[in-house]
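*Asks:* need a 3D model of the following:
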Amino acid sequence: MSKTKTLIYCSLFTALIAVGAFIKIPVPVVPFTLQYLFTMLAGLLLGSRRGTISVVAYMLLGLAGLPIFSEGGGLWYVFKPSFGYIIGFCLGTYVTGRIAEHLKKKTVFRYLFANLAGLMVVYACGMIYYYIICNYVINTPIGIWPLILYCFLLAVPGDIALSILGAVIARRVRPVVMQYLSMPNTLLPNTEETAK
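*Replies:* Numbering: from 1, shown residues only. Below is the predicted model of the structure:
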């Protein structure tokens, strides 16, 4: 039963990430979507291992040809400069989930710290990949300052807002998710999380 629940939850978050790719706010160069919100919640609610599985499944399905990335799908997507952010989602989800798993007190501010740590991983992967692909693969050079402006400064305020939203959601929802993902002999939510 636990494996079935894990499969269901991972599949649900894979689907949510795919849907989030099509909820867009127009921003130059790198489109702003709700993918980050759902990848972050995958780490917070499912944990580092399950959350990363759901994000990696999303990435592999998109590379296999399903049009679930923000601009389509297929192996050719690895040559898009923005693909680095998808790689970053995988690593960032693991970091966020790992930190959340080791929090002694499950507060909004501690969840926010986990989210921001994961977010920095996402941007580090995304910007490095963007720079390499543009300058050394597809021959459309981009300088460091335009990279910082378009791939960080214009995009990060929205993602910080999503990090705050994700922390609030996780504080409310995580005890319930942990209850249903736990082993059959654990029938009640974690008392530390529900007491607050």
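
*Asks:* and the strands in the protein, which stretches?
*Replies:* Here the chain has its strands, by DSSP state E, at 24-25, 32-33.

*Asks:* give me the contacts around the first one.
*Replies:* Under the criterion Cβ atoms under 8 Å, 6 or more residues apart in numbering, residues 31-33, 70, 158 lie in contact with strand 24-25. Yep, even glycine has a C-beta here, placed from its N, CA and C like the rest.

*Asks:* let's see that with 10 Å instead.
*Replies:* Residues outside strand 24-25 that contact it (Cβ atoms under 10 Å, 6 or more residues apart in numbering): 31-35, 70, 155, 158.

*Asks:* quick one: distance of that strand to the chain centre.
*Replies:* Put simply, strand 24-25 sits 16 Å off its chain's centre (Cα atoms, centre = their mean, to the nearest Å).

*Asks:* now swap in stretch 71-79 and tell me
*Replies:* Distance of stretch 71-79 from its chain centroid, counting by Cα atoms, centre = their mean, is 18 Å.

*Asks:* got a markdown table for the contacts of strand 24-25, with neighbour count too?
*Replies:* Output for the contacts of strand 24-25, formatted as a markdown table (neighbours: other Cβ atoms under 10 Å):
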| residue | neighbour count |
| --- | --- |
| 31 | 16 |
| 32 | 19 |
| 33 | 21 |
| 34 | 19 |
| 35 | 28 |
| 70 | 22 |
| 155 | 22 |
| 158 | 16 |
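
*Asks:* now the weakest link among the strands of the chain, please, by mean pLDDT.
*Replies:* For those, the weakest mean pLDDT is recorded on strand 24-25, namely a mean of 74.
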